[in-house]
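Student: Have a look; sequence and predicted model below, questions after that.
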Amino acid sequence: METGFDQRTQGPLALRFAGMTQLQASYMPYLRRGGLFIATGRRYRLGDPVAASVSLADHFEQLPVHGEVAWITPPGAQGNRIPGVGIQFSGDEAVQNVRALIEGLLTQHGLPTVTSNTM
């Protein structure tokens, strides 16, 4: 299915987590290299490359991540799910360092890494 536009020309998605519960709901630990669910109205196909800028609570720096679409929740999905895409992180060392930071923060705050907006 053609989307009618190239996602790569729209620039990176921006994602700000105000708290750990929000981060927990978006983190996707069951993906092989980890990932994040990003609520967006942009159209993607599975496998599309995606870049995002992530801000974590209590961290002031923007953390760049990239990967590919591994999950799509379309508008009007069953169960009132939030529309968006799940991005599987790339194997790049810098991105995997962001994954380790996310998992460390969730563990530090006593939050399991199994609840998400996708499942």
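Tutor: Received it, and whenever you're ready, just let me know what you need. Residues are numbered from 1 along each chain as shown.
Student: Now do the contacts for the most centrally placed residue in the chain.
Tutor: Centroid-nearest residue in the chain, with Cα atoms, centre = their mean: residue 36, separated by 2.1 Å. For residue 36, the contact set (Cβ atoms under 8 Å, 6 or more residues apart in numbering) comprises 15, 26, 27, 28, 52, 54, 65, 86, 87, 89, 102. Where you see a C-beta, it was placed from the backbone N, CA and C, and this is true even at glycine.
Student: Scan those and report the most crowded one.
Tutor: For the contacts of residue 36, the largest neighbour count, defined by other Cβ atoms under 10 Å, is 30 neighbours, found at residue 87.
Student: Next, find the distance separating residue 12 from residue 34.
Tutor: Distance of residue 12 to residue 34, computed by Cβ to Cβ, to the nearest Å: 18 Å.
Student: between the two, which one's more packed in?
Tutor: Between residue 12 and residue 34, counting by other Cβ under 10 Å, residue 34 is the more crowded of the two (22 against 15).
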